[in-house]
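Engineer: Everything below, folded, please.
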Amino acid sequence: MSATESTPQPRPYAVAAGVSMRDLLASCAAAKAISTPPRLPDPETLQPRVERPKAA
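Structural biologist: Here you go, the predicted structure:
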């Protein structure tokens, strides 16, 4: 047995068997959406709350 037979050869690229590119991109988009905190509202668009009279 030679040295090359006993040593596994490295793969030239990563193999993601059984995962389509569409599924991979969808999972990345989902992970980004979950890990991104919600945006704060713009202070310019906030309006002060108007007090209304209570209904009788």
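
Engineer: From here on, just use CA atoms for contacts and neighbour counts.
Structural biologist: Noted.

Engineer: what about the protein, any weak spots by pLDDT?
Structural biologist: For the chain, the stretches with pLDDT under 70 are 1-6, 11-17.

Engineer: hmm, 90 instead?
Structural biologist: Low-confidence segments of the chain (pLDDT under 90): 1-20, 38-56.

Engineer: all helices of it, in order?
Structural biologist: 3-6, 21-35 (DSSP state H).

Engineer: and the ones you listed, which is most packed in?
Structural biologist: Comparing these by mean neighbour count (mean count of other Cα atoms under 10 Å), helix 21-35 ranks first with a mean of 11.

Engineer: Could you give the separation of that helix from the chain centroid?
Structural biologist: 5 Å (Cα atoms, centre = their mean, to the nearest Å).

Engineer: Does anything pack onto that helix? Which helices or strands?
Structural biologist: Counting by 3 or more Cα pairs under 8 Å, 6 or more residues apart in numbering; DSSP states H and E, no packing neighbours are recorded for helix 21-35 among the helices and strands.

Engineer: start at 43 instead
Structural biologist: Okay, residue one is now 43; in that scheme the one you just asked about reads as helix 63-77.

Engineer: ok so, going back, can I get the helices of the chain in a markdown table including distance to E93?
Structural biologist: Putting the helices of the chain into a markdown table (distance: least, Cα to Cα, whole Å) gives the following:
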| stretch | distance to E93 |
| --- | --- |
| helix 45-48 | 80 |
| helix 63-77 | 36 |
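
Engineer: now for the ones you listed, which one comes closest to P90?
Structural biologist: helix 63-77 (30.3 Å; Cα to Cα).

Engineer: So which of the helices of the chain is nearest T87?
Structural biologist: T87 sits nearest to helix 63-77 of all the helices of the chain, at 24.0 Å, using Cα to Cα.

Engineer: C-alpha coordinates for stretch 85-98, CSV please?
Structural biologist: The C-alpha trace of stretch 85-98 is given here as CSV (Å, rounded to 0.1, in the frame of the first residue of the first chain):
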residue,chain,number,x,y,z
PRO,A,85,-38.5,60.7,14.3
GLU,A,86,-39.9,62.9,11.6
THR,A,87,-42.8,60.6,10.8
LEU,A,88,-43.9,60.2,14.5
GLN,A,89,-46.8,62.4,15.4
PRO,A,90,-47.7,63.3,19.0
ARG,A,91,-50.7,61.3,20.4
VAL,A,92,-53.9,63.3,20.3
GLU,A,93,-56.1,63.0,23.4
ARG,A,94,-59.7,62.4,22.5
PRO,A,95,-62.7,62.8,24.7
LYS,A,96,-64.1,59.5,26.0
ALA,A,97,-67.3,58.2,24.6
ALA,A,98,-70.4,58.4,26.8
